[in-house]
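Asker: All I have is the shape, not the residue letters:
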């Protein structure tokens, strides 16, 4: 459920283990050519060697396992500080994705709003527009008392429309 690549420290936090505890299983998966070390990541990230294998493993999970794993990723990401700039927008979008997949509507709504604003602040207006759409889709699913206090539906529509207009979508 981690996505295309996952850093070892994030994987360890989600598993509730020390990074050294997962090195053995990661080494076995790399040796079996199931996983590969992501050459683009500087901090030790892993990815499935083949996208079809990743899809097959994900499809093999029970729905309750998927929700639980997505919820664990959302909780770990939510507890981490948000980096500045585009990296922060990506962090928030990933958090929002996992919270949505975990059916945690309140956490997902807040994360989509923050992801949209962070993407807009880095001039990634297409990403911002998509994040605003996701937030608007969740707005009515979240009880009024649990919605972000720094916005309302009209503001989301307005900000989303501006992002879409600027991005040309």
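Answerer: Yes, it's here. Computed from a predicted structure; not experimentally measured.
Asker: which residues of the chain fall in strands?
Answerer: For the chain, strands defined by DSSP state E occupy the ranges 6-7, 35-37, 45-48.
Asker: need these in CSV with mean neighbour count, can you?
Answerer: C-beta: built from backbone N, CA, C; applies to glycine. Formatted as CSV, these follow (neighbours: other C-beta atoms under 10 Å):
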stretch, mean neighbour count
strand 6-7, 19
strand 35-37, 16
strand 45-48, 20
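Asker: do you know which of those lies nearest residue 113?
Answerer: Smallest distance to residue 113 across the strands of the chain (C-beta to C-beta): 24.9 Å, for strand 6-7.
Asker: which residues are in contact with that closest one?
Answerer: By C-beta atoms under 8 Å, 6 or more residues apart in numbering, the surrounding residues in contact with strand 6-7 are 41, 43, 44, 45, 46, 47.
Asker: Nearest to residue 35 among these?
Answerer: residue 46 (4.8 Å).
Asker: which residue packs closest to that closest one, ignoring adjacent ones?
Answerer: Spatial nearest neighbour of residue 46, excluding adjacent residues (C-beta to C-beta, 6 or more residues apart in numbering): residue 35 at 4.8 Å.
Asker: ok, that neighbour - contacts?
Answerer: Contact partners of residue 35, counting by C-beta under 8 Å, 6+ apart, are 26, 29, 46, 47, 48, 49.
Asker: quick one: residue 46 and residue 26 touch, right?
Answerer: Yes: at 6.3 Å, residue 46 and residue 26 qualify as touching, with contact defined as C-beta atoms under 8 Å.
Asker: which residues are common contacts for these two?
Answerer: Common contacts of residue 46 and residue 26, defined by C-beta under 8 Å, 6+ apart, comprise 8, 11, 35.
Asker: Can you tell me which of these is nearest residue 20?
Answerer: Nearest member of those to residue 20, counting by C-beta to C-beta, is residue 8, at 9.9 Å.
Asker: ok, the nearest residue to residue 110 once chain neighbours are set aside to residue 138 distance?
Answerer: Nearest non-adjacent residue to residue 110, counting by C-beta to C-beta, 6+ apart: residue 148, 5.1 Å away. For residue 148, the distance to residue 138 (C-beta to C-beta, to the nearest Å) stands at 11 Å.
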